[in-house]
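> task: produce atomic coordinates for the following.
(one chain, ligands or ions: 1)
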Amino acid sequence: MQTKPFRIGTRGSPLALAQAEETRDRLMAAHGLEADAFEIAVISTKGDRVTDRPLAEIGGKGLFTEEIEAQLSDGRIDIAVHSSKDMPTVLPDGLYLSAFLPREDVRDAFISKNAPSLDALPEGAVVGTSSLRRQALVRRLRPDLKVVSLRGNVQTRMRKLEEGAVDATLLAMAGLRRLGLEAHASDVLEPDRFLPALGQGAICIESRMDDSVVDDMLAPINDEATSLCLLCERSFLAALDGSCRTPIAGLARIAGDNLSFAGMVLHPDGTQAFDIAAGGAASDAASLGHEAGMDIRSKAGEAFFESWI
Ligand SMILES: NCc1[nH]cc(CCC(=O)O)c1CC(=O)O
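Sure, this is the predicted structure:
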């Protein structure tokens, strides 16, 4: 008798595939299964198909997840593997983030052929990134630089850099490492200066709420510390209710039973930023994140969020 393979849904970019394979490999190791017990199903999303416009412009939550979640909801796949940072805070009914893999490097990398660091770029140099958070942070640290949008997957962006379309770009260290491209990083930006995106570096697994077989399958590969950090970070994001046009950054870290969180919202032009630092028991991850979000909202004032939209 042939048993049905366990189906893992993912986008088709090299990074997404590497993440799906890492998940499969961890499941194989945890359950003593062979690779042929799994099938990786590549699913194309709107975010993958529309490549000529900035993401914030296409708008709509779940640009990279909708088609995958539709297949998950109706049982065509058993789990979906995502980058946590690309996941909206509200998921379709009946689905949830059921496991998080141990977090990779959370930091952003600075990549350039012309300068060893962001500080060393000559005045007026062009930095290409389509992330509103990275754009705002660069403008804040280096108002003299020219920031332009640069979309495409990691490889595409590296190619555009190579071709000289921009002097520098910024990418997540996590993605570079998963693709074996970390040697391309000219510098690594520390979170105290360049706060990463919420969820950066964490692979998450989405599944159906009523699927206890899948829950049991995922339990041994879930990383508890990453899971608590993401609970805090996603609660922060949910409390802020940020549109995809709001530059938002934040990072939770766990040491023993304690969780510390740093969060920030920025004006897209980098001239204004509000930040928050919080800490407490790791078991209070959700409320710490929520309160940090409410706090930063009242600090910034509602007008701040509406001033550029
Ligand atoms: N939005 C694309 C995306 N989503 C997750 C990562 C990196 C991997 C991660 O953060 O886990 C990237 C590429 C990048 O920002 O460089």
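
> centroid-nearest residue for this protein?
When Cα atoms, centre = their mean is applied to the chain, the residue found nearest the centroid is Lys85 (2.0 Å).

> now do the helices in this structure.
For the chain, applying DSSP state H gives helices covering 14-31, 46-49, 55-58, 66-73, 132-141, 154-162, 173-178, 212-218, 224-240, 285-300, 302-306.

> just give me the neighbour total for Thr246.
Look at Thr246: counted by other Cβ atoms under 10 Å, it has 22 neighbours. C-beta coordinates here come from the backbone N, C-alpha and C atoms, glycine included.

> apart from its neighbours in sequence, what residue is nearest the residue nearest to the centre of the chain?
Of all residues not flanking Lys85 in the chain, Gly199 sits nearest, at 3.7 Å (Cβ to Cβ, 6 or more residues apart in numbering).

> would you confirm that that neighbour contacts Leu230?
Yes - if you go by Cβ atoms under 8 Å, Gly199 and Leu230 touch, sitting 6.2 Å apart.

> more neighbours, those two?
Set Gly199 next to Leu230 and count neighbours by other Cβ under 10 Å: Gly199 wins out with 27 against 24.

> what pLDDT is listed against that one?
We have a pLDDT of 98 for Gly199.

> for it, give its distance to the ligand.
Computed as Cβ to the nearest ligand atom, to the nearest Å, the Gly199 to the ligand distance reads 7 Å.

> how about that residue, what does it touch?
Gly199 makes contact with Ser83, Ser84, Lys85, Asp86, Met87, Leu230, Glu233, Arg234 under the criterion Cβ atoms under 8 Å, 6 or more residues apart in numbering.

> isn't the third one up against Ala197?
Same thing as Lys85. Yes - the criterion here is Cβ under 8 Å, and Lys85 meets it with Ala197 at 4.5 Å.

> what touches both of those two?
Common contact partners of Lys85 and Ala197 (Cβ under 8 Å, 6+ apart): Ala172.

> re the thing from before, now, which of the contacts of Gly199 sits nearest Asp108?
Taking Cβ to Cβ as the measure, Asp108 lies nearest Lys85 of the contacts of Gly199, at 11.3 Å.

> re the thing from before, list residues touching both of Gly199 and Leu230?
Ser84.

> can you lay out the contacts of Gly199 as TSV showing pLDDT and distance to the ligand?
As requested, the contacts of Gly199 are exported to TSV (pLDDT from 0 to 100; distance: Cβ to the nearest ligand atom, whole Å):
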residue	pLDDT	distance to the ligand
Ser83	96	3
Ser84	96	7
Lys85	94	5
Asp86	90	5
Met87	93	10
Leu230	98	11
Glu233	98	12
Arg234	97	14
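
> which of those has the most neighbours?
That'd be Glu233 among the contacts of Gly199, by other Cβ under 10 Å, with 28 neighbours.

> ok, the closest residue to it other than its chain neighbours - contacts?
Nearest residue to Glu233, sequence neighbours excluded (Cβ to Cβ, 6+ apart): Leu198, at 4.2 Å. Residues in contact with Leu198 (Cβ under 8 Å, 6+ apart) are Ser84, Lys85, Glu233, Arg234, Phe236, Leu237, Ile248, Ala249, Gly250, Leu251.

> need the phi and psi values for Leu198.
phi -60, psi 130 (degrees, to the nearest 10).
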